[in-house]
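>>> sequence first, then the predicted structure, then my questions.
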Amino acid sequence: MPAFDLRRRVEQSICERKLFRAGQSILVAVSGGLDSMVLLDLLTQLAQPHRWRLTVAHFNHQLRGRSSDADERLVQRGAAKLGLRFVAGRADARKHAQRRKLSVEMAARELRHRFLARTAWRLKIPTITVAHHADDQIELFFLRALRGSGGEGLAGMRWRNPSPSDPAVELVRPLLDLTKATLRDYAIGRGVTWREDASNALTNARRNRIRHELLPWLERKFGAAFHTTLPRLMEIVGAESEFVTAAAERWLATQAGESLREHGSTANSASLAHRRVFAALPAAVQRRCLHLQLLRHGVAPDFELVEQLRLAPDRPVSVGPNLCAQRNQDGRIELRRAQPQRPKPRPSEGTSKRVELRGRVGGADFGGVQFFWRILAAPGARRGRPAPGREVLDADKTGRRVILRHWRAGDRFQPLGLPAATKLQDLFTNRKIPRAQRHRLIVAQKEGGEILWVEGLRIGEHFKLDKSTRHRLKWTWRRPKPGV
């Protein structure tokens, strides 16, 4: 597409969707890569006729050493050449990831959005514009589909939405319907300079594997039509998801008002009517009502949790250590602190045992099983060969105290490789572990409550070795009697 035609198309998208107002200030997020450098070039050309006041913002994640610094210098020189104000920020994303126990990608995103939102607030700029494009949308669709996202997640990015760091600041994406190839052709034709991030070519991150392996395979096997059909599908799913959310929010608002009226009245008919209404809601609206309430309570609303609450009113569901969620008949979710129910101990089983991981080696007996542990100063993520009765965990993540106990109904666990915690009972069912044996299996948890290991399964995802590991916990066990 010729440069003039692309510029006119972007201007048309901005005007039709009312992404910017005439004469407003805009903070342009520029990384130095192809997409953001093209965005800056396009907005600079359109700024004068629309009287936009542009400020360039760049965040240095300090992930690639000199290369990251070179990105910053490129953006700074580009802003100076265009006569635009330049603002830079920097932070060590890798250290932030370790502190917050996030992936490096998520930590970098959190730091970047925080910097952009604070800069916009400080400069009194209402809008941040970013360079996400159509290829990003397709990658995001598969990324979220593989994680099991619902309609809201599969809808992808919007043309405009509040900043995740500050709802008072708006994020705008004026390139969302343009492909990467279109942007590259424009950059070459216009002589736009950019820098390639070498990490984008690596396939250790799931998004990069989607970009470099899955999408090229789909194109070879099925043609390039999905580049058109998938964004269309995301648009449809997004619109339908918005409708469901609006219906759920209306129902919740009506329910809250009715609850206030009931509180001052002895009449029960309204309450009974509400119970019938919730049961009669479409399943999609029921799920979204529960989803929204869980978010307001600060609980991650995964599908299994929502379904347990939806299908079983008045039954408490564990959502954390000593914390349960329960849905009433009328659809309201309440959280309450409660001691988890313990199975009745059998003669050969104790209730729990605290193990102090002091020194370098040690051992313990519990429930007929012998445990041995050793702490090694061995950095890095390499686990070595797997062996029966042995696991290796990050000793700094497990802490110096571990509690051994038996499985309890309601336990939730995130085994190595799973994207989210799930009911331990469901994991036992999937592994076809007989019910009679489940209460004999031993669980190890941190003192804070999170399960780090389950006999017969794997270690917890949050306790695996990674590049930040400095000490390893070699965890072995032996059950004298075979059969479990």
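Perfect, thanks for sending it.

>>> rank the helices and strands of the protein by mean pLDDT and give me the bottom one.
Scoring the helices and strands of the chain by mean pLDDT, DSSP states H and E places helix 269-280 at the bottom, with a mean of 60.

>>> after that helix, which helix or strand is next?
Where DSSP states H and E defines the elements, the next helix or strand beyond helix 269-280 is helix 283-296.

>>> got the CA positions of the helix or strand just after that next one in CSV?
In the C-terminal direction, the helix or strand that comes right after helix 283-296 (DSSP H and E) is helix 303-311. The C-alpha trace of helix 303-311 is given here as CSV (Å, rounded to 0.1, in the frame of the first residue of the first chain):
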residue,chain,number,x,y,z
PHE,A,303,-13.9,-21.6,34.6
GLU,A,304,-14.0,-24.5,37.0
LEU,A,305,-14.5,-22.2,40.0
VAL,A,306,-17.4,-20.3,38.2
GLU,A,307,-19.0,-23.6,37.3
GLN,A,308,-18.9,-25.0,40.8
LEU,A,309,-20.5,-21.9,42.2
ARG,A,310,-23.1,-21.8,39.3
LEU,A,311,-24.2,-25.4,39.6
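
>>> how about helix 303-311: buried residues?
Buried positions in helix 303-311, judged by neighbour count with 16 or more other C-beta atoms under 10 Å: 305-306, 308-310. All C-beta spots, glycine's among them, are computed from the backbone N, C-alpha and C.

>>> output those as a markdown table; include the columns pLDDT and distance to residue 317.
What follows is these, written out as a markdown table (pLDDT from 0 to 100; distance: C-beta to C-beta, whole Å):
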| residue | pLDDT | distance to residue 317 |
| --- | --- | --- |
| 305 | 86 | 6 |
| 306 | 88 | 10 |
| 308 | 88 | 5 |
| 309 | 90 | 6 |
| 310 | 90 | 11 |
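
>>> rebuild those as a markdown table, extending it with distance to residue 32.
Formatted as a markdown table, the buried residues of helix 303-311 follow (distance: C-beta to C-beta, whole Å):
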| residue | distance to residue 32 |
| --- | --- |
| 305 | 41 |
| 306 | 41 |
| 308 | 47 |
| 309 | 46 |
| 310 | 47 |
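
>>> closest to residue 167 out of those?
Minimum distance to residue 167 across the buried residues of helix 303-311 is 24.4 Å, recorded for residue 306 (C-beta to C-beta).

>>> surely that closest one meets residue 287?
Yes. Using C-beta atoms under 8 Å, residue 306 is in contact with residue 287, at 5.4 Å.

>>> could you chop this protein up by domain?
Taking automatic domain parsing as the reference, the chain has its domains at 3-224, 238-337, 352-478.

>>> starting at the chain centroid, how far to the longest one?
Read it as domain 3-224. Centroid separation for domain 3-224 versus its chain: 19 Å, with C-alpha atoms, centre = their mean, to the nearest Å.

>>> perfect, I'm done here.
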